[in-house]
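S.K.: show me the folded form of this:
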Amino acid sequence: MLEIRKIYMDYERNPEGVAKMPQFGWEIGSDRKNVVQHAYQLQIGEDETFGSLLYDSGMITSDESAHVFAEGVRPEAARRYYVRVRVNDGTEESGWSETGSFVTSLMEEPWKAPFVSGETDDSYKEVSKGTYVRGLFEVKKEIKEAYAYTTALGLYQFYLNGKKVGEDEMTPGWTSYRRHLLYQTYDVTDCLKEGANVAGAKLAAGWYKGVMGLTKSRNNYGDQTGFAMQIVIRYQDGEVETICTDPSWKGCDSPVVFAEIYDGEIYDASLEIPGWAADEVPVGTWKDVQIVPFDVSVLRAQSGARVRVMDELPARRIFTTPKGEQVVDFGQNLAGRIRVTASGKPGDVIELHCFEILDKDGNVYLDNLRKAKATMKYTFAREETVTWHPTFTYMGFQYAMIVSWPGEAKPENFTAYTLHSKMESTGNITCSHPLLNQLHHNYLWGLKGNFLDVPTDCPQRDERLGWTGDAQIFCRTATYLMNTYTFYKKWLRDLEVDQTPEGGVPHVVPNIEEGRTDGNWLLSQGPHSAAAWADAAVINPWTMYLMYGDKAILEKQYESMKGWINFMRAHSEDNIWNYKLQFGDWVALDAEEGSYFGATPNDLTCTAYYAYSTGLFAKMAKALGREEAQEYEQLYDAIVKKFQDTFFDENGIMTAQTQTAHIVALYFRLTPEKYIEKTVEGLKRLLDKENGHLVTGFVGTPYFCHALSQNHCVKEAYDLLLKEDFPSWLYQVKMGATTIWEHWDGIKEDGSMWSADMNSFNHYAYGAIGEWMYRVMAGIEADESAPGFRHSVIYPRIGGGLSYVDGSYHSVYGEIRVKWEAEGSRTVLTVQIPANTTASVRLDEASEVTEAAGLAFVKKECYMEAQAGSGTYRIVFERNV
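M.R.: Residues are numbered from 1 along each chain as shown. Sure thing, here's the model as predicted:
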């Protein structure tokens, strides 16, 4: 049976807040093989019955089931539209899909609402108190639909008639506020009533004015919080009315005595105001709000990837350390908050300090938090049982030290909740090796702990910044694990607006450190444009294009990408690129004692990335049909030649004898053809020198296994992956890690710590090995000539002594699944290919196919290959072992 299983708009299900007509995509299901869409009909209705249509494509002959546009129509602002689609494959026609919907933002309508603030004097500038703001408005008659558009300078939660609106947390998120501020869209039709209504917001400092960044500065974007709301009401009789925040609103202090990202939250229940967002005349001391000036032209709608509560983890145990500290253990390193339930009397205090790890003696270890207090504190106002959690902060933790608790603390009193941007889970791998299964768990939870609106380096210490290098090297892994399209699109907008006029890219995005050179050694040396870090400007859009097949992101980021390439070109000398402060192969183990900088020369790593990014940009320019593609192809060729002439001697030996030098030369395809074998042998020799271990850092590690497996060294790649002693991925697993660590030996074998000042235990960067596990171990690979997995390359590499690997990736067309089972020379491969796609199926080291599942396999150099349409295939073959 032919059917539509899912329908997407801008890669989201039922988005609210789209800024223009979205692009559409759908997943086709069928119990037949080789299904190719022949035609589709897309309808956009103004109601659920589709009695009144905004758009009807009619049956269009096309095989496109992703990146489909409704041409020639324009939706109205502040409306919900309904969507359905049906298809045929030339043999059978599906029924209509389930109805999807999208809500439009204000689109090009002007933003009218001012920002109102309850911080009404200068005393608020140096503190991080919470405030309330509220206002009254009338609903005149029966409502057809109503949508609220809300945002803040600081963090906010929005209330109507006493109830919180929506499930979002930490809104409006973290952006480069002066250049890019997001507003959220909510359907509030059911929240309003005829007659008097109360709107209100809780406000806190957040990233906007709290202490943040490497310099620990306050008021980074402004010194006054503010809230703005614009409600569009469409009445049953067709009248449209807009309600806005205005000077009539009132403000006052809230029970949140203190809230900041690094230090946590303090809440005093005696300051609560019952009915603050519900009563027409509330109790308390309310003041006229102040209007906060702000350039509303930078406002943009956010249609997806908002922060939500995503996982619930009950406490596993409460125990007492050798020092006598009482500690709650949640069994998993995570980012989020803790909900507590306790009974107390007036003045009783609940106080918890969140932290990641125990020291070697089993005591509380706080040193790696640096100056972050990561504390949550609640003071009782009356005798009662309360359930409470902090609202305007988050912590990175596995444990919480109980500093104060009324009565006896029990595990059932504590529940941890993860907070991260809402993204659909898309990937999974299981295999016969339990430590590899835990490694997959660890980098998945590294993503969960660091994708809270911004791809941060870590969630626990006084940093939590959007380091571009970490985001770049983990991007491909992240896109296998979850649907990161909307998340990265938002972040790349901040990268673009934070670029220097010349095109340089900041080390962190949003660039909270902009304009600062004092108070931090890094900023004084060079605040932007480090190779591998700044290349996120090009590599991340390329990865999104490869994984989702969407040219829209290339169009959107084109000038940003071009600006970065031209920045490198302007600051290179004879095509050798280097510039001010470079991180190089950051925290590589071949660094000099006491240094974080690896041994691979900056000229080499910088020029390698200059070539790699330029080559990718030339491909993207060509994909968009830009005439200047040829110019950048020629530039790429010139950089590659210079790299080869400079970093290989006359005998084909690399001038830098480091693992990373060889890795980037091979993976970036910068090695002269005649020297590839010699370079591979050189890499293997350097690996042998370290007894089969890596000594690479941020630049070399992500590509190490690829550099081996792409050059006939699959065994060596598996051997490297499966090392269990230091340094290795599995060393951390065996040491009890539940996320990826910042350092290979964050905890040493004797239980001591790598360092106190820079030792995160939730730092996803080295989790970049995940893409090798998906692309090579499971064999689910994209084809850049048909991106988005319209055509897949299924090529699992058998090895590592594994008896089976079962991997899946949910592409924009549907689920791709690959399972291989090996016993001796016999291998059983089961492949699932989504409808409306095809795949090249490759059998690793196959000597004979005994069950071909109807496919015609052809012998190649190292594998046998067949072309397959959609469907599930079970193939049995013998391997050369």
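S.K.: next SSE after the longest strand anywhere in the chain?
M.R.: Longest strand in the chain by number of residues (criterion: DSSP state E): strand 326-344. Counting by DSSP states H and E, the next helix or strand C-terminal to strand 326-344 is strand 349-355.
S.K.: packing partners for that following strand?
M.R.: For strand 349-355, the packing partners by 3 or more CB pairs under 8 Å, 6 or more residues apart in numbering; DSSP states H and E come out as strand 326-344, strand 364-365, strand 375-379, strand 395-404. Quick note: C-beta positions are derived from backbone N, CA and C, even for glycine.
S.K.: what angle do that strand and strand 395-404 make?
M.R.: Relative orientation of strand 349-355 versus strand 395-404 (axes from the mean of the first three to the mean of the last three CA atoms, to 10 degrees): 140 degrees.
S.K.: which other residues reach strand 349-355?
M.R.: Contacts with strand 349-355, where a contact means CB atoms under 8 Å, 6 or more residues apart in numbering, come from 264, 328, 338, 340, 342, 344, 364-366, 369, 373-380, 388, 395-406, 460.
S.K.: got the angle between that strand and strand 326-344?
M.R.: Using the same axes, to 10 degrees: strand 349-355 against strand 326-344 is 150 degrees.
S.K.: each with direction, which strands does strand 349-355 pair with?
M.R.: Strand pairing for strand 349-355, using DSSP bridges, gives strand 375-379 (antiparallel), strand 395-404 (antiparallel).
S.K.: mind putting those strands into a markdown table with distance to residue 216?
M.R.: Converted to a markdown table, these look like this (distance: least, CB to CB, whole Å):
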| stretch | distance to residue 216 |
| --- | --- |
| strand 375-379 | 17 |
| strand 395-404 | 18 |
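S.K.: buried set for stretch 331-347?
M.R.: For stretch 331-347, burial by neighbour count (16 or more other CB atoms under 10 Å) applies to 332-340, 342, 344.
S.K.: before we move on, back to that, tell me which of the helices and strands packed on strand 349-355 lies nearest to residue 256.
M.R.: strand 375-379 (10.7 Å; CB to CB).
S.K.: and after the closest one, which helix or strand comes next?
M.R.: Downstream of strand 375-379, the next assigned helix or strand under DSSP H and E is strand 384-388.
S.K.: next secondary structure after the lengthiest helix in the chain?
M.R.: Determined from DSSP state H, the single longest helix within the chain is helix 602-623. The element immediately downstream of helix 602-623 (helix or strand, assigned by DSSP H and E) is helix 629-647.
S.K.: which other residues reach that next one?
M.R.: Here helix 629-647 makes contact (CB under 8 Å, 6+ apart) with 565, 569, 574-577, 603-604, 607-608, 610-611, 614-615, 617-619, 621-622, 654-656, 661, 665, 670-672.
S.K.: beta-bridge partners for residue 806, please?
M.R.: Assessed by DSSP bridges, residue 806 has beta-bridge partners residue 430, residue 819.
S.K.: what about residue 627, distance to residue 251?
M.R.: Distance from residue 627 to residue 251, counting by CB to CB, to the nearest Å: 56 Å.
S.K.: again, but for residue 326
M.R.: Using CB to CB, one obtains 39 Å as the distance from residue 326 to residue 251.
S.K.: higher neighbour count, the two?
M.R.: The residue with more neighbours, out of residue 326 and residue 251, is residue 251; 26 against 15, by other CB atoms under 10 Å.
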